[in-house]
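Undergrad: any chance you can model this:
(one chain, ligands or ions: 2)
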Amino acid sequence: MVKIAVASGKGGTGKTFVSTNLYQTFLSRGVDIALTDCDAEEPNSAAFFKYEETGGEPVTQKVPVIDLSKCTYCGKCQDWCVYNAIVILKERKIAKVLDEMCHGCGACTVACEYGAITEKDMVLGEVTKYSGKDKSSIVEGRLKVGVYTPVPVLKRAILSTTANVAVLDSPPGTSCPFIHTVNASDYVILVTEPTPFGLNDLKLSVEILNQMGKPFSVIINRAGLGNRDVHNFLEREKIELLMEIPFDKEIASIYSKGGLVISEREDIADKFSYIADVIIDKTRAC
Ligand code: SF4
Ligand code: SF4
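TA: Ligands and ions are numbered 1, 2, ... in the order given. Sure thing, here's the model as predicted:
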């Protein structure tokens, strides 16, 4: 399977806009493709397609349970937990696991020499599948409200994707969820906007992708807004500018109504068709 991550250093740059239109472009060519929504804190890709829900499964993680009748309040589990998910107060005989902070690493279970820790399953979120006609499919990772880490959910969403090509709509930012998504991909498209915030977050994303050795190129959304600093940065760093999407009221209007711009604007459809050709070439070479 070839996986293409569509990512950005900040939210609101048009990542989902690019993901959904790129997916539809490939789909209209008859490619066996899936759209995987890895933005598990706020998935919305499925809203652009009138697909049927065809399945789902909860995503769980092991979290520790402390048996107070065996616990000596030695504090070793607390010391071993780098996520500060265990509180031990020996004087007050308190031993508590903060389930929402737990990353399920299992270190505390190994640390406890008194057999006081067992594990239970905690639901972190769910993965839902949607299907349309032909070979179309969307896999959506959705985090449960109150859970802090979307990583296990988005990883399961990626693992649950079965198609020859997958477009991964990545979580915004440059933290763990972004890293895990781009790490699972063969090629990354960074979406940015020509503003100081866009440039700042683009630089962070570029730095990380370079360190990871991931091939990538850039799309500038809302071109015409702001200044030329992003263009200058790309030229200076010799980063490929894949496409510019103009700052256009009609495009914003179509997108805000849940429409696919390539279905209504031939000029944008041509641009996405070009991107699809480029991606095919690049991923063949990967
Ligand atoms: S390591 Fe075991 S015995 Fe020690 S505080 Fe933790 S649960 Fe209790
Ligand atoms: S499983 Fe890992 S993260 Fe969770 S409480 Fe134990 S040590 Fe901390």
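Undergrad: C-alpha from now on. contacts and neighbour counts both.
TA: Will do.
Undergrad: give me phi/psi at Phe48?
TA: Phi and psi for Phe48, reported as degrees, to the nearest 10, are phi -90, psi 0.
Undergrad: apart from its neighbours in sequence, what residue is nearest it?
TA: Nearest residue to Phe48 in three dimensions, chain neighbours excluded: Gly258, at 5.1 Å (CA to CA, 6 or more residues apart in numbering).
Undergrad: was I right to think the one you found contacts Ala47?
TA: Yes. With contact defined as CA atoms under 8 Å, Gly258 counts as touching Ala47 (6.7 Å).
Undergrad: give me the neighbour count for Lys96.
TA: 16 (other CA atoms under 10 Å).
Undergrad: report pLDDT for it.
TA: Lys96 is assigned a predicted lDDT (pLDDT) of 97.
Undergrad: what does the stretch 101-250 of the chain have sitting close to ligand 1?
TA: For the stretch 101-250 of the chain, the contact set with ligand 1 under CA under 6 Å from any ligand atom comprises Ala111, Cys112, Tyr114, Ala116, Ile117.
Undergrad: mind checking the SS state of the closest residue to the second one other than its chain neighbours?
TA: In other words, Cys112. Excluding its sequence neighbours, the residue lying closest to Cys112 (CA to CA, 6+ apart) is Cys77, at 6.0 Å. For Cys77, the assignment made with DSSP: H, G, I helix; E, B strand; the rest coil gives helix.
Undergrad: correct me if wrong: Cys77 contacts Ile86.
TA: Yes. Here Cys77 reaches Ile86: they are 7.2 Å apart, a contact under CA under 8 Å.
Undergrad: of Gly258 and Ala47, which one has the most company?
TA: Gly258 (15 against 11).
Undergrad: that one and ligand 1, how far apart?
TA: 50 Å (CA to the nearest ligand atom, to the nearest Å).
Undergrad: same deal with Lys135?
TA: Distance from Lys135 to ligand 1, by CA to the nearest ligand atom: 50 Å.
Undergrad: cool, and Tyr130?
TA: In terms of CA to the nearest ligand atom, Tyr130 sits 43 Å off from ligand 1.
Undergrad: where does the closest residue to Arg228 other than its chain neighbours fall, secondary structure wise?
TA: Among residues not flanking Arg228 along the chain, Pro194 sits closest, at 6.6 Å (CA to CA, 6+ apart). Assigned by DSSP states H and E, Pro194 belongs to no helix or strand.
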